[in-house]
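Peer 1: Dropping the sequence and predicted coords here.
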Amino acid sequence: MRICIIGGGLTGLVAAYALAGEHEVQLVEKSPYLGGCLSSYNVNGYWIERYYHHCFSGDNHLFALLHGLGLNESLEWRTGTTGYYSRGTIYPLNTPWEILRYPELSLIGKARLALLTLTAKSADLSALDDVPAERYILDHLGNDVYSSFFEPLLKSKFGDRRKEVSAAWLFSRIAIRSDRSVSGERLGYLNGGFQRIINGLEKSVERKGGNIRKQTPVTSLSRLGEKWVVNGSAFDAVISTIPPQELQNVGGPVMPSIPYQGAACVTLALDRQVTNGIYWLNMKDSAPYGAVVSHTNFIPVDRYGEHLVYLASYFSRTVPAHIDKTMIDDFCTRFSVVPKEIRWYRVAVDPFAGPVYTTGYKSLIPAYEQQGLYMAGMFSQTNYPERSMEGSIRAGIEVAACVSRRCVNGGN
């Protein structure tokens, strides 16, 4: 069977990896590089992700993929520390003592937050899909917990759409991040960077006879009898991993739009670390970025020879003008960084960085097969109600299995 896969992100590459060899696979990607949101820069002889990444202890499909690519020995587990920047002060929030000392949250609020963390994994997410996260927090935990802890998170993650986000996302977010010790959160990272997964998948697909075409945007998609025609070439099956509304623009089926948001992420290299050793610093104070993610407070700085920091911002519709300058100027002022201390910086912008898990989102999730073609990606059930590498890998595996079943059951 001749198969076209649209999109060279993690889901598309995993689907190609599963199908190549048994089928004639062609993957097309509009960018000059593969990986999508998992892609990386190559700077000064090392790889660093365009958007900060780590994995979690329950990511079993990721671990199986690493084993298949011969990368499992490179996975390492480290402690990711967190904190809040409030009223010009950095507050670490890792040990019980640090949490008790945090002045922005009352003792009752801290107790309620601890109880929520303990019960998040057992929550019925389906029952929470139609419940706004903001309303749930205010009703069950109080304004103290909302304004001092969750509102900055929701604002940094979803911006103007934070009031639409469901409690299902909230509980999933808490549950996935509950592998903690008294010193911080247990997180995984691949020695050498996650670009090694992208490179491994690309080489494996091509070794199996698959054809990967970068800088090849899809401009047309149409049905011709039992075939699909992509950019003038006929295929027996098409797997699209791009947002459904983007596929619709080139001839795909008309479907309810998945709510997406964009992301702007500035990566900086510095001479020193500036967040008091904290990996993930949430911004409670108003800032043009929602978090400062100090990668080299998580992974040893000697692997890079310079301190690496991400400034993360999300937006709706269009990216704000001069967002990189706005973020860098604020960062330098707020953290007393002299511009000449910045060795280099890069900015990555993606208008479709990920779905916004609004109330009622579950009803919008498309099945893998839609009107004769296949769709999978960050919008799939496996990534609900919180996207992850694990969810994208599962989506690629499952959509590839659907295509294979069609072949076995009488497809072309």
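Peer 2: Noted; the coordinates are in hand.

Peer 1: helix, strand or coil for the residue nearest to R87 when sequence neighbours are not counted?
Peer 2: Excluding the flanking residues, the one nearest R87 by Cβ to Cβ, 6 or more residues apart in numbering is D285, at 6.6 Å. For every residue, glycine as well, the C-beta is placed using N, CA and C. For D285, the assignment made with DSSP: H, G, I helix; E, B strand; the rest coil gives coil.

Peer 1: count of residues packed around D285?
Peer 2: Each residue near D285 was counted by other Cβ atoms under 10 Å, and the total is 12.

Peer 1: was I right about it contacting Y91?
Peer 2: No - taking contacts as Cβ atoms under 8 Å, D285 lies outside contact range of Y91: 11.4 Å.

Peer 1: which SSE is F331 in?
Peer 2: Following DSSP states H and E, one finds F331 within helix 323-334.

Peer 1: For W344, list the residues it contacts.
Peer 2: Contact partners of W344, counting by Cβ atoms under 8 Å, 6 or more residues apart in numbering, are V43, L268, A269.

Peer 1: How much space separates the first one from Q195?
Peer 2: Right, the one you point to is V43. From V43 across to Q195, the span is 11 Å (Cβ to Cβ, to the nearest Å).

Peer 1: Neighbour count: these two, which is higher?
Peer 2: Legend: neighbour count by other Cβ under 10 Å for V43 and Q195, higher for Q195 (22 against 16).

Peer 1: any idea how far R50 is from that one?
Peer 2: For Q195, the distance to R50 (Cβ to Cβ) stands at 10 Å.

Peer 1: which residues are common contacts for these two?
Peer 2: Joint contacts of Q195 and R50 (Cβ under 8 Å, 6+ apart) are S39, S40.

Peer 1: So what does the nearest residue to R223 once chain neighbours are set aside look like in phi/psi?
Peer 2: Distances taken as Cβ to Cβ, 6+ apart place G372 nearest to R223, at 6.7 Å, with adjacent residues excluded. In terms of degrees, to the nearest 10, the main-chain angles of G372 are phi 90, psi -10.

Peer 1: G372: neighbouring residues, count only.
Peer 2: Neighbours of G372 (other Cβ under 10 Å): 13.

Peer 1: for the stretch 101-250 of the chain, what are the low-confidence residue spans?
Peer 2: Along the stretch 101-250 of the chain, the parts satisfying pLDDT under 70 run over 178-180, 182-183.

Peer 1: quick one: the helices in it?
Peer 2: Using DSSP state H, counting those that start in this stretch, the helices of the stretch 101-250 of the chain run over 107-119, 125-128, 133-140, 143-145, 151-158, 167-176, 195-207, 244-248.

Peer 1: angle of the fifth one against helix 167-176?
Peer 2: Here helix 151-158 runs at 100 degrees with respect to helix 167-176, directions being taken by axes from the mean of the first three to the mean of the last three Cα atoms, to 10 degrees.

Peer 1: cool, the first one as well?
Peer 2: Between helix 107-119 and helix 167-176, the angle comes out at 80 degrees (the same axes, to 10 degrees).

Peer 1: Run through who's touching helix 107-119.
Peer 2: Residues from elsewhere that reach helix 107-119 (Cβ under 8 Å, 6+ apart): 99-100, 102, 105, 140-142, 144-145, 148-149, 174, 178.

Peer 1: Are any of those buried, and if so which?
Peer 2: Y102, L105, L141, D144, V145, S148, F149, I174, S178 (16 or more other Cβ atoms under 10 Å).

Peer 1: picking that back up, what residues are shared contacts of D285 and Y91?
Peer 2: Going by Cβ under 8 Å, 6+ apart, residues that sit against D285 and also against Y91 are Y85.
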